[in-house]
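# pasting a predicted model and its sequence here:
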Amino acid sequence: MTEIRKKLGEAELEIMQVIWDAETAVSSNYILKKLQGLRKWQLSTLMTSLTRLADKGFVSCDRSTGTNLYSWLISEKEYKTGASRHFLEKLYDNSILNMVSCLYNSKAIKSSDVEELREFLNRLEENAGEGETR
């Protein structure tokens, strides 16, 4: 997996979400329509952002059909993994415990969230145990 060093701004992330959610390559008009309600953009503004995303290596543009069709080069999962890792390293000294503790102490997460996390970790542990040879 490639390490994601380039960051997406809020608007770029919204554009990428539209592209990731689409089943096939999409036109700029498709993206503009999907962003209605989120952004009051002219097509020229969107085109500038798509050019930046292409320059950053996030999207490719197929011009062979007469309509520019955009598709992702970096998957949503790949981006989220890299961004999450960077976030954890920079803000929480690469410690999930520090992050959860901070969120819990500031009441950003509830006890029910902690319980959900506990159940998730238990399932991970059970699944890891099934794969071990004894």
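Looks like it arrived, so ask away. A quick note: this is a predicted structure, and the numbers were derived from the prediction, not measured. Numbering: from 1, shown residues only.
# any weak-confidence spans in the protein?
1-5, 131-134 (pLDDT under 70).
# please enumerate the helices of it.
Ranges of helices in the chain, per DSSP state H, are 10-21, 28-34, 43-55, 76-92, 96-105, 111-131.
# right, so of those helices, which gets closest to residue 65?
helix 28-34 (12.9 Å; CB to CB). (C-beta placed from N, C-alpha, C; glycine too.)
# residues contacting the closest one, please?
Identification of contacts with helix 28-34 by CB atoms under 8 Å, 6 or more residues apart in numbering yields 15, 18, 19, 22, 41, 43, 46, 47, 50, 68, 70.
# so which of these is the most crowded?
Scoring those on neighbours with other CB atoms under 10 Å, the highest-scoring entry is residue 15 at 27 neighbours.
# okay, which residue is most central for the chain?
In the chain, the centroid-proximal residue (CA atoms, centre = their mean) is residue 80; its distance is 4.0 Å.
# mind putting the helices of the chain into TSV with distance to residue 62?
Shown next, in TSV, are the helices of the chain (distance: least, CB to CB, whole Å):
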stretch	distance to residue 62
helix 10-21	13
helix 28-34	12
helix 43-55	11
helix 76-92	20
helix 96-105	40
helix 111-131	40
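# residue 61: which of the ones you listed is closest?
helix 43-55 (5.8 Å).
# what helices and strands are in contact with the closest one?
helix 10-21, helix 28-34, strand 59-62 (3 or more CB pairs under 8 Å, 6 or more residues apart in numbering; DSSP states H and E).
# the residue lying closest to residue 61 once chain neighbours are set aside and residue 120, how far apart?
Of all residues not flanking residue 61 in the chain, residue 68 sits nearest, at 5.2 Å (CB to CB, 6 or more residues apart in numbering). To residue 120, residue 68 is 41 Å away according to CB to CB, to the nearest Å.
# and stretch 20-32, what's buried?
Within stretch 20-32, the residues that qualify as buried are 25, 26, 28, 30, 31, 32, counting by 16 or more other CB atoms under 10 Å.
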